[in-house]
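S.K.: sequence and predicted structure, then a few things I'm wondering about:
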Amino acid sequence: MLSIKTERLILRRFREADSPALYAYLHDPRSSCFFSLRLSDEASALAEAKKRSHDDKYIAVCLKDSDELIGDLFAMPEEDAISVGWNFNPRFSGKGYAFEAAHALFAYLFDDRHARRLYAYVEDTNQPSQRLCQKLGMRLEGTFMEFISFMKNGQGQPVYENTMQYAILAREWRALKG
């Protein structure tokens, strides 16, 4: 089970007690890629927190001082690469928490799990996530035009979005660390 401490954060497995904080940012997700995870009420938040408490793919990001859940990371192994991502409560944006958490996760995945490659999908309209990928040393590999739809327009037709793929290899990560 994953448990990582940084200067200000703890990355750990979810707990049922995280459900109110999980609901706070998943009842109305800011990023369309999380629309499918939208939580309709506190009961669905409790069920989701319970489900995540048995799965190491979703990682709770908590403040070290209070253990308050402020967001989550995910790491989904796919063959010899790992799909990574993040979703944070907007109340905590602009404080560097996403970078601190993702950097710690990347270090763990490359150093301890010996990952060969990490990659992330980011909507072309999601500037904060694009900047985070770049700050983490990821390079833009390409943009998938009209790649996926997470919502429908007023006529019920899918609205497709452009999705960018960022990635970093283990050797690139090691070169960044010097």
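M.R.: Looks like it came in fine.
S.K.: and the lengthiest strand in the chain, what does it pack onto?
M.R.: Ordering each strand of the chain by length in residues (DSSP state E) puts strand 139-152 first. Other helices and strands packing on strand 139-152, by 3 or more CB pairs under 8 Å, 6 or more residues apart in numbering; DSSP states H and E, are strand 158-169. C-beta coordinates here come from the backbone N, C-alpha and C atoms, glycine included.
S.K.: which residues sit against the strand it packs on?
M.R.: 32, 106, 116-125, 130, 133-134, 136-153 (CB atoms under 8 Å, 6 or more residues apart in numbering).
S.K.: again, only this time at 7 Å
M.R.: Strand 158-169 is contacted from outside by 32, 116-124, 130, 133, 136-149, 151-153, using CB atoms under 7 Å, 6 or more residues apart in numbering.
S.K.: tell me what angle the helix or strand following it forms with strand 158-169.
M.R.: Next helix or strand after strand 158-169 toward the C-terminus (DSSP states H and E): helix 170-177. If you take axes from the mean of the first three to the mean of the last three CA atoms, to 10 degrees, helix 170-177 sits at 70 degrees to strand 158-169.
S.K.: which of the residues in helix 170-177 are classified as buried?
M.R.: 170, 173 (16 or more other CB atoms under 10 Å).
S.K.: let me see the mean pLDDT of it.
M.R.: In this model, helix 170-177 has an average pLDDT of 94.
S.K.: what angle do it and strand 139-152 make?
M.R.: Using the same axes, to 10 degrees: helix 170-177 against strand 139-152 is 110 degrees.
S.K.: now what about helix 170-177, what contacts it?
M.R.: In contact with helix 170-177 (CB under 7 Å, 6+ apart) are residues 106, 110, 115, 116, 137.
S.K.: could you confirm the second one falls within a strand?
M.R.: Spelled out, that is residue 110. No - under DSSP: H, G, I helix; E, B strand; the rest coil, residue 110 sits outside any strand and is assigned helix.
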